[in-house]
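*Asks:* Dropping a prediction and its sequence here:
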Amino acid sequence: MDLPGKPKGDGKRGNGPRIKTERQMAFCREYVKDWSGTEAAKRAGYSQKTAHVEGSQLLSMPNIRAEIERIINEYVGDQREEIRYR
């Protein structure tokens with residue numbers, strides 16, 4: 001079982017992309033709250049002055065996109081489980 005907020009894979013080939021920093025991981029978690037790269041970057045601790053650039057750059061990175069997708073899929077899976085047990 002994978003823990004929420006933890007990237008999958010061990011950095012070896014074939015196990016998926018890795019998030020390099022805690023701030024990048026925080027960006028991914030924050031991004032799915034409101035879909036704003038700028039606001040997510042600010043909440044993740046990036047500079048207020050450069051958050052719009054940082055957010056855009058982060059969203060262009062394949063490992064960041066993959067982690068955001070993983071978080072979304074995890075959430076959707078949790079919702080399906082909750083609905084099934086109601």
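*Replies:* Structure received. Everything numeric in this text was worked out from a predicted model, so none of it was measured.
*Asks:* which residue is nearest the centroid of this protein?
*Replies:* residue 28 (2.4 Å; C-alpha atoms, centre = their mean).
*Asks:* Tell me how far the nearest residue to it once chain neighbours are set aside lies from residue 48.
*Replies:* Nearest residue to residue 28 in three dimensions, chain neighbours excluded: residue 67, at 4.5 Å (C-beta to C-beta, 6 or more residues apart in numbering). Just so you know, the C-beta spots here come from the backbone N, C-alpha and C atoms, and that holds for glycine as well. For residue 67, the distance to residue 48 (C-beta to C-beta, to the nearest Å) stands at 23 Å.
*Asks:* higher neighbour count, the two?
*Replies:* Between residue 67 and residue 48, counted using other C-beta atoms under 10 Å, residue 67 has the larger neighbour count: 26 against 9.
*Asks:* sorry, back to before: sticking with the residue nearest to residue 28, tell me its helix or strand.
*Replies:* Here residue 67, judged by DSSP states H and E, is contained in helix 62-84.
*Asks:* buried stuff in that helix?
*Replies:* Residues 63, 64, 66, 67, 68, 70, 71, 74 are the ones in helix 62-84 that count as buried (16 or more other C-beta atoms under 10 Å).
*Asks:* got a pLDDT number for residue 13?
*Replies:* Here, the pLDDT recorded for residue 13 equals 38.
*Asks:* ugh, typo on my part, it should be residue 40
*Replies:* 98.
*Asks:* these two touch, right, it and residue 33?
*Replies:* Yes: when contacts are counted by C-beta atoms under 8 Å, residue 40 is listed as touching residue 33 (7.3 Å).
*Asks:* got any ranges where this structure has weak pLDDT?
*Replies:* Within the chain, the segments meeting pLDDT under 70 span 1-17, 80-86.
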